[in-house]
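>>> Take a look and give me a structure for this.
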Amino acid sequence: MRVVESVVREVAEALRGSGYDVVLREGEPFELIASRKGVTACIAFIDKGGGLSKLSVRPGCGSGLSVVDCSNAERVKECVERLLQILEAWAAGAEK
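Numbers count the residues shown, from 1 in each chain. Prediction:
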């Protein structure tokens, strides 16, 4: 299993643990579709040279983009925490 695949699975489990419904799309790049409380986001895992470099996060799976730097595989937990913060901010905005 490539590093990026294990990271994708770790992120999916973290999202599920935070109450998100998660769908995995395998391909290049790997993509997760996460939804909760009416907020949906597409999360693409950008693989550079055999390792994860970034997460691309699109609200509503449409236009707009946030990028989370995940180039240090040892700090995936920080990357996931940042991703969850972005999703929570979008959810708060959607509730207004």
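
>>> can we go C-alpha only for contacts and neighbour counts from here?
Fine.

>>> Trp90 touches Arg58, doesn't it?
No. The criterion here is C-alpha atoms under 8 Å, and Trp90 misses it with Arg58 at 10.4 Å.

>>> The residue positioned nearest the centre of the chain: what's it in contact with?
Nearest to the mean C-alpha position of the chain, by C-alpha atoms, centre = their mean, lies Ile43 at 4.0 Å. By C-alpha atoms under 8 Å, 6 or more residues apart in numbering, the contact list for Ile43 reads 31-34, 55-58.

>>> Leaving aside the residues adjacent along the chain, what's closest to Leu32?
Leu24 (4.7 Å; C-alpha to C-alpha, 6 or more residues apart in numbering).

>>> Any stretches of this protein with poor pLDDT?
Along the chain, the model assigns pLDDT under 70 to residues 1-2, 50-52, 64, 71-77, 94-96.

>>> and the closest residue in space to Ser66 that isn't next to it in sequence, what are its bridge partners?
Spatially, and ignoring its direct neighbours in sequence, Ser66 is nearest to Val57 (5.1 Å; C-alpha to C-alpha, 6+ apart). Beta bridges link Val57 to Ile43, Ser66, judged by DSSP bridges.

>>> By residue count, tell me the biggest helix in the protein.
helix 76-95 (DSSP state H).

>>> Could you check that helix and say which residues are buried?
With burial defined by 16 or more other C-alpha atoms under 10 Å, the residues of helix 76-95 counted as buried are 76, 79-80, 82-84, 86-87, 90-91.

>>> Next: stretch 6-15.
7-8, 11-12, 14-15.

>>> Backbone torsions only: list them for the residue lying closest to Pro59 once chain neighbours are set aside.
Leaving aside its sequence neighbours, Pro59 sits nearest to Ala41 (C-alpha to C-alpha, 6+ apart; 4.5 Å). Ala41 adopts backbone torsions of phi -140, psi 140, taken as degrees, to the nearest 10.
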